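Student: Here is a sequence with its predicted model. Questions after.
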Amino acid sequence: MSRRTQLLVVVALVLVAANAAIIWKKFFASSHPHVAKEQQMVEQVLEWESLPATPLDSSMENLSGVIANFPDGRCSGEQSSSGVPVNQLSRQIKDDLFTAIGGLLQCFQRSTPEAVFSYMDSRGEQIDPEKANLVKKALVDEQYAEAATLDSMDNKDLFAAIWDWHRADPKWRAIVEGAGSVCVWRCRSPDRAGVATLGRANKKLFENETNYLHLFRPKQTFEDVCNSRAVLVADVMIVVEHDDSRARDRSPYYIRFWYSPARDAWQPLQLKLVASEGGSVDLATTVSRILF
């Protein structure tokens, strides 16, 4: 057999093996969907692990630079037909969005009730009275504090008490570069911004989610505005690196903001972790305790 013939045989064998591998992979994925999904999850996590991260105690300029590099994310369903490229936003609206995202990242990194309360106050938000009453009842029922004591507190002290009772500790340390995205869209009905629509893509992959209750509200709420006009909404996906107590594991979070025309500013609306042990009893080690 000539050298040319040998070479052709080797090339043919390689092509056959490659095609067989592709066919087998497709067949295996279709006949073993759970195994295929687990493999996809592993590949996604490994990709996130390979990327650099920016500490959240960096300057706002550094954080804004990372956030500004977020690509337009993939909107789902009706959101995609109402999508607005980030670069088409006005300079003021775009810059305030980056500031709103960076500020939330930094207050969770500081991990104190004062930092979170101050951030919400800067966004024109105060504790929702109805939600505050529900939490007060829980504190009294668990004999954490007396009703009279809670009623005498101002909002800042009440939030600190709730933080202590909840044992809040986000454990956020850094933001993973190159792993985030922003999907901006116009919402014409509050129903279309249900929490189930946030982070839907990663939920399908990881099958778990943890929703964090938003305890704050502005004077003019999202529902008030959205019932009368279309509202800009930004679904921000970030991958957070947690601190050493969580072995610096990296998890995807989604934050939903809406643009308030009354304040000319972005307001936080929803927060979700979509790669958690959602049903675990040991929440202290598997899910960050966050007051939002």
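Tutor: Cool, the structure landed. Numbering: from 1, shown residues only.
Student: Please enumerate the strands of this structure.
Tutor: 53-55, 125-127, 172-176, 181-187, 210-212, 216-218, 231-242, 250-260, 265-273 (DSSP state E).
Student: Let's have these in JSON lines, adding mean neighbour count and distance to Gln92.
Tutor: The way it works is simple: take the backbone N, C-alpha and C, and place the C-beta from them, glycine included. Listed next are these as JSON lines, based on neighbours: other C-beta atoms under 10 Å; distance: least, C-beta to C-beta, whole Å:
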{"stretch": "strand 53-55", "mean neighbour count": "16", "distance to Gln92": "24"}
{"stretch": "strand 125-127", "mean neighbour count": "18", "distance to Gln92": "20"}
{"stretch": "strand 172-176", "mean neighbour count": "23", "distance to Gln92": "23"}
{"stretch": "strand 181-187", "mean neighbour count": "22", "distance to Gln92": "14"}
{"stretch": "strand 210-212", "mean neighbour count": "19", "distance to Gln92": "28"}
{"stretch": "strand 216-218", "mean neighbour count": "22", "distance to Gln92": "18"}
{"stretch": "strand 231-242", "mean neighbour count": "23", "distance to Gln92": "12"}
{"stretch": "strand 250-260", "mean neighbour count": "23", "distance to Gln92": "11"}
{"stretch": "strand 265-273", "mean neighbour count": "22", "distance to Gln92": "10"}
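Student: Gln40: which of the ones you listed is closest?
Tutor: Closest approach to Gln40 among those (C-beta to C-beta): strand 250-260, 13.8 Å.
Student: quick one: strands adjacent to that closest one?
Tutor: strand 231-242 (antiparallel), strand 265-273 (antiparallel) (DSSP bridges).
Student: With respect to Trp163, which of the strands of the chain lies nearest?
Tutor: Nearest to Trp163, of the strands of the chain and by C-beta to C-beta, is strand 125-127 at 11.7 Å.
Student: Distance-wise, check Val66 relative to Ile290.
Tutor: Separation of Val66 from Ile290 (C-beta to C-beta, to the nearest Å): 21 Å.
Student: Counting neighbours around each, name which of the two comes out higher.
Tutor: Higher neighbour count among Val66 and Ile290: Val66, with 24 against 20, using other C-beta atoms under 10 Å.
Student: Touching, that one and Val176? I think so.
Tutor: No - shown here, Val66 and Val176 do not form a contact pair, counting by C-beta atoms under 8 Å, at 9.1 Å.
Student: Format the strands paired with strand 250-260 as JSON lines; extra columns: mean pLDDT and distance to Leu89.
Tutor: As requested, the strands paired with strand 250-260 are exported to JSON lines (pLDDT from 0 to 100; distance: least, C-beta to C-beta, whole Å):
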{"stretch": "strand 231-242", "mean pLDDT": "94", "distance to Leu89": "8"}
{"stretch": "strand 265-273", "mean pLDDT": "96", "distance to Leu89": "11"}
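Student: could I get those as TSV with distance to Ala193?
Tutor: Converted to TSV, these look like this (distance: least, C-beta to C-beta, whole Å):
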stretch	distance to Ala193
strand 231-242	6
strand 265-273	7
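Student: looking at it, Ser64 is touching Ala100, isn't it?
Tutor: No - using C-beta under 8 Å, Ser64 is not in contact with Ala100; the gap is 10.8 Å.
Student: Between those two, which has more neighbouring residues?
Tutor: More crowded of Ser64 and Ala100, by other C-beta under 10 Å: Ala100, with 23 against 16.
Student: any idea how far Thr112 is from the more buried one?
Tutor: Taking C-beta to C-beta, one finds Ala100 at 19 Å from Thr112.
Student: do the same with Lys156
Tutor: Here the criterion is C-beta to C-beta. By it, Lys156 lies 12 Å from Thr112.
Student: next one: Ile175
Tutor: Counting by C-beta to C-beta, the gap between Ile175 and Thr112 amounts to 19 Å.
Student: doesn't Ile162 make contact with Val135?
Tutor: Yes - at 5.5 Å, Val135 and Ile162 qualify as touching, with contact defined as C-beta under 8 Å.
Student: Tell me the residues that contact both of the two, please.
Tutor: Leu215 (C-beta atoms under 8 Å, 6 or more residues apart in numbering).
Student: that older thread, specify the stretch among the strands paired with strand 250-260 that is closest to Asn211.
Tutor: With distances scored as C-beta to C-beta, the stretch of these nearest to Asn211 is strand 265-273 (5.3 Å).
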